[in-house]
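**Q** Please find the sequence and the predicted model below.
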Amino acid sequence: MKLLKIFKRNKKTKKKSKYDGLNLPNYGEAMYNVANHIKNWTKIKPEIVFEIGANFGQDADILMQIFNLQPKNIYAFEAHPVIFKEMQRIQPFKCYNYAVFNENKDITFNIVDTSYKNTGISSISKLPGVETKPVTVKAIRMDKFLYENEIRGIDFLKLDVEGYTYEVLEGFGDRIGDIKAIHLEAEHSNNGIAKYLFVDIEKFLNNKGFIMVQFDRMANQSDSLWVKNEYWKSNPEDFKS
């Protein structure tokens, strides 16, 4: 019987010194469980990874280590201008100060101060009960970015954009078919931030040939992992490779 590889975080290892002094909401721990799903239950061998809504790039950093990825094949997008500069300073992969959306235009982005308890909740929407500052940032569609940068496809997409998951997916246009797996955050009730909810995203991705293989609910939000149907291991022969 073939043993499945399990990725685990070394609890004895101290956090990376490059993050010292930065106000991170997490250190990318959730990516270990996601990586286990990708490794053990899919036919995907990640090479090209995109992280949209990257914060300081900690999730992409963990994935780079787990899958031994080349930094040149990791693309991280963060619209918060201050956090982007820090990510660009500390990370070796490609970093972009864009808000990924379903239009190519300048938009207003509402940012929290980097001292706020959760630096990952800046959004296109004005967050109720949270002090934010509006800034103008460049918004881009991903289909345009992929074509202009001659990127053949994405093996794994990490998506955390505070209420705008559906719009980001729309922005891939016909290139949505060039993604093998997606990990995303979604809302489950209208909280004044998200126009489209989990049920809308579920229908959209099902229609594009994705199946949901992991789901974690947290109050009004959830994290879920979606895999293009042809990359899901569905018979015993798939586990021999």
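**A** Structure's in. What do you need?
**Q** In terms of pLDDT, where does Asn26 sit?
**A** In this model, Asn26 is scored at 85, pLDDT.
**Q** what helix or strand is it on?
**A** Asn26 belongs to no helix or strand when assigned by DSSP states H and E.
**Q** need the contact list for it.
**A** Gln58 (CB atoms under 8 Å, 6 or more residues apart in numbering). Yep, even glycine has a C-beta here, placed from its N, CA and C like the rest.
**Q** which residue is nearest the centroid of this protein?
**A** Nearest to the mean C-alpha position of the chain, by CA atoms, centre = their mean, lies Lys158 at 2.0 Å.
**Q** quick one: that one and Gly129, what's the gap?
**A** 27 Å (CB to CB, to the nearest Å).
**Q** ok, now Val213?
**A** To Gly129, Val213 is 34 Å away according to CB to CB.
**Q** just Trp232 next, same as before
**A** Using CB to CB, Trp232 is found at 40 Å from Gly129.
**Q** Pick out whichever of these two has more residues nearby.
**A** Using other CB atoms under 10 Å, the more surrounded residue of Trp232 and Gly129 is Trp232, with 16 against 4.
**Q** if I look at that one, how far off is Glu202?
**A** Using CB to CB, we find Trp232 at a distance of 16 Å from Glu202.
**Q** tell me the contacts of Ser115?
**A** Asn23.
**Q** That one: what secondary structure?
**A** Taking DSSP: H, G, I helix; E, B strand; the rest coil as the rule, one finds Ser115 in the coil state.
**Q** What distance do you get for it to Tyr196?
**A** Separation of Ser115 from Tyr196 (CB to CB): 31 Å.
**Q** now Lys39
**A** From Lys39 over to Tyr196 (counting by CB to CB), the distance is 31 Å.
**Q** What are the boundaries of the strands in this structure?
**A** Assignment of strands within the chain using DSSP state E yields the ranges 49-52, 74-77, 94-96, 99-100, 105-111, 133-140, 156-159, 181-187, 210-218, 221-228.
**Q** Could you export those strands to TSV, including columns for mean pLDDT?
**A** Putting these into TSV (pLDDT from 0 to 100) gives the following:
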stretch	mean pLDDT
strand 49-52	98
strand 74-77	98
strand 94-96	98
strand 99-100	98
strand 105-111	97
strand 133-140	97
strand 156-159	98
strand 181-187	97
strand 210-218	95
strand 221-228	96
